[in-house]
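Student: Model the structure of this input:
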Amino acid sequence: MALVGDTGSIDWFCYPRFDSPSIFGAILDDSKGGRFRIGPARGNATHRQMYIPDTNVLMTRFLTADGVSEVIDFMPLGDTDEDYHGQLIRIVKVVRGTMPLLLECHPAFDYGRSNHRVEVARDSVLFEGPNLSCVLSLTSNRQTTSAFKVDDRGGVTAEELLHENDLVAAIFQVAEPGKITSGAPSVDYCMKLLETTEDYWHSWLRQSHYRGRWRETVDRSALILKLLTYHPSGAVVAAPTCSLPEGIGGERNWDYRYTWIRDASFSLYGLMRLGFTQEAGRFMDWLKNRCNDLQPDGSLQIMYGIRGEKEIPEFTLNHWEGYRQSTPVRVGNAAATQLQLDIYGELMDSVYLFNKYGTPIDHELWENLSKLLLWVCDNWDRTDEGIWEVRGGQQHFVYSKLMCWVALDRGLRLADKRSFPADRNRWLQTRDAIYQRIMKEGYDPGIRAFVQSFGSKVLDASNLLMPLVFFVSPTDPKMLSTLDAVYRPPHQGGLVSDSLVYRYNIEETDDGLKGEEGTFSMCTFWLVEALTRAGRLRDARFIFEKMLSYANHLGLYSEEIGFKGESLGNFPQAFTHLGLISAAFNLDRKLGDR
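Tutor: Reported below is the predicted structural model:
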């Protein structure tokens, strides 16, 4: 997956996996990160971007007084020649008048830490790094194409004046050294690949069952989830980027190019809800493999590499300045070693739903799930780092206890549904003990709300999920008062600022980090669902529609939203788009019932 700015510059691209070192990383260091830009050579141009409808094919348009040009970016998919897999194809055409266009390609292998060799031919250039080789080729419907010029930064440029109906294709191929395909396809073949790729996306999206009020928005979220899927394993990454800051200039910069058990479970739920059963099934296989490889004590890690790797060492790229000077630039994620008890509830809920609406689970998986549930019975009362992966010390987080309750509740339901052997008495007694503990110590009568941790008076947006997982009724007085407390603005003790929701108040929560952060987009969608289930449909719809206006120009969401409405955190974020899908589905259904 590549990120293309609205100036026509590919500023982030890792290969061959999401978590591989970057080849283009200008988004994290404008001068050292590397980029691949195609755009007007000079003068001021207006630029616009759009996806070709119902696809992940991106079009960037440049408009001047003299002409209009388009750059179409895609990776070939569908029934294509194997020789052209693993490619970025950029088709450039002028649709009106004339325009001088400039191509600039400056790879920076291994996060800009490795040197590379440049070898130029008439219409192609080889960039040979230590572990990867890249070939950039040009082909055109003109008789000639501009020659590449090598610059002093290990990159190349090419400039050409294009006229109306001129077509140029730039093919960027990446492979291991010695495995680059020789020669470039013709422009006509590139256009055929474009047509085949569009057909693939159209066919894939037709599987969606959603036909509600926000179909285009939900479809775009589904397409993004597909882009975030690592095909060989079926895993969905949290985001394709690393170290995009939660606060500009701050240290809250993390690597999200991995798969969290929590995110996996929500992803499975979203894919099944929309009808993408094949993707849900492959993701379920990934989860099953993780359950087949438990820790020695019978537990799971909170996150894994996209191929199931357990070791995800965290380090910093000190030679990079970071996005808008936000440092440190982190790669890897030390949170993999944290204890987060909530993952077991999210896992069991998704397995329960997959068994109900997808394919019945097998005996081997049930045996491993039973081991997990016994571990939950023994460990639910421990402190942990919680859903937000705080680095300020472990606590008795209410949401963690809630999801331990969910784990045992879904285990009991699944055992009864399938007549599986189970330690029902122990599971039932532990589940009920967790319920009583939450009601006794997780609810504060003074502020009339469920709180972040036992004994605290701090609110946490994760408690909005209580009615969604059927722990309490959405109209239970304690839930309604919690909803009212959260709905207040931060200066009045709440978490909502102009309809956007903070996950918690950082001034009242010691999360072990400095700096500020924005509102959490996923939490805003949780608020929409909580309001929907409480029957406050007018508020729910207004907040949902307002939240849609915070997407970027392509309908994509980052993790957080800043004070000026800017995107913060890694981008695009799967969790946010999953929250959107669920909120749209439930709100649309309730509005239809009304």
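Student: Can you list the low-confidence ranges for the stretch 151-300 of the chain?
Tutor: 178-183 (pLDDT under 70).
Student: where along it do the strands fall?
Tutor: When assigned using DSSP state E, counting those that start in this stretch, the strands of the stretch 151-300 of the chain occupy the ranges 156-163, 167-175, 229-230, 235-236, 259-260.
Student: between these, which one is nearest to residue 317?
Tutor: Each of the strands of the stretch 151-300 of the chain has some distance to residue 317 by Cβ to Cβ; the shortest is strand 167-175, at 20.6 Å. (Each C-beta comes from the backbone N, C-alpha and C, glycine too.)
Student: Return the distance of that closest one from the chain's centre.
Tutor: Computed by Cα atoms, centre = their mean, to the nearest Å, the chain-centroid distance of strand 167-175 equals 26 Å.
Student: in its sheet, what does it sit against?
Tutor: strand 87-106 (antiparallel), strand 133-140 (antiparallel) (DSSP bridges).
Student: Residues touching it, excluding its own?
Tutor: 15-16, 23, 36, 38, 84, 86-93, 101, 103, 105, 132-142, 145, 160, 162, 180-181, 184-185, 187, 190-191 (Cβ atoms under 8 Å, 6 or more residues apart in numbering).
Student: Same check on stretch 133-142?
Tutor: Contact with stretch 133-142 is made by 23, 103, 105, 107, 123-127, 145-146, 148, 156, 158, 166-181, 183-187, 190, as judged by Cβ under 8 Å, 6+ apart.
Student: how does it look with 6 Å?
Tutor: Contacts with stretch 133-142, where a contact means Cβ atoms under 6 Å, 6 or more residues apart in numbering, come from 105, 107, 123-127, 145, 166-174, 177, 180, 184, 186-187.
Student: Filter the residues you listed down to the buried ones and hand me the ChimeraX line.
Tutor: To isolate the buried subset of the contacts of stretch 133-142 in ChimeraX, counting by 16 or more other Cβ atoms under 10 Å, use the following:
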select :105,107,123,124,125,126,127,145,166,167,168,169,170,171,172,173,174,180,184,187
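Student: Show me just the buried residues among the contacts of strand 167-175.
Tutor: For those, buried by 16+ other Cβ under 10 Å: 15, 23, 36, 38, 84, 86-93, 101, 103, 105, 132-140, 145, 160, 162, 180-181, 184-185, 187, 190-191.
Student: what about residue 394, how many residues close to it?
Tutor: 16 (other Cβ atoms under 10 Å).
Student: Show the contacting residues for it.
Tutor: Residues near residue 394 by Cβ under 6 Å, 6+ apart: 383, 384, 385.
Student: Then residue 578?
Tutor: 266, 270.
Student: tell me which element it falls in.
Tutor: helix 574-593 (DSSP states H and E).
Student: Would you mind putting the CA coordinates of that helix into PDB?
Tutor: The C-alpha coordinates for helix 574-593 follow below in PDB (Å, rounded to 0.1, in the frame of the first residue of the first chain):
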ATOM      1  CA  ALA A 574      -8.600   0.500  10.500                       C
ATOM      2  CA  PHE A 575     -10.200   0.900  13.900                       C
ATOM      3  CA  THR A 576     -11.800   4.200  12.900                       C
ATOM      4  CA  HIS A 577     -13.300   2.800   9.700                       C
ATOM      5  CA  LEU A 578     -14.600  -0.200  11.600                       C
ATOM      6  CA  GLY A 579     -16.300   2.100  14.100                       C
ATOM      7  CA  LEU A 580     -17.800   4.000  11.200                       C
ATOM      8  CA  ILE A 581     -19.200   0.800   9.600                       C
ATOM      9  CA  SER A 582     -20.800  -0.400  12.800                       C
ATOM     10  CA  ALA A 583     -22.300   3.000  13.700                       C
ATOM     11  CA  ALA A 584     -23.700   3.500  10.200                       C
ATOM     12  CA  PHE A 585     -25.200   0.000  10.200                       C
ATOM     13  CA  ASN A 586     -26.900   0.300  13.600                       C
ATOM     14  CA  LEU A 587     -28.000   3.900  13.200                       C
ATOM     15  CA  ASP A 588     -29.500   3.300   9.700                       C
ATOM     16  CA  ARG A 589     -31.400   0.300  11.000                       C
ATOM     17  CA  LYS A 590     -32.900   2.300  13.900                       C
ATOM     18  CA  LEU A 591     -33.800   5.200  11.700                       C
ATOM     19  CA  GLY A 592     -35.500   2.700   9.400                       C
ATOM     20  CA  ASP A 593     -37.400   1.100  12.300                       C
END
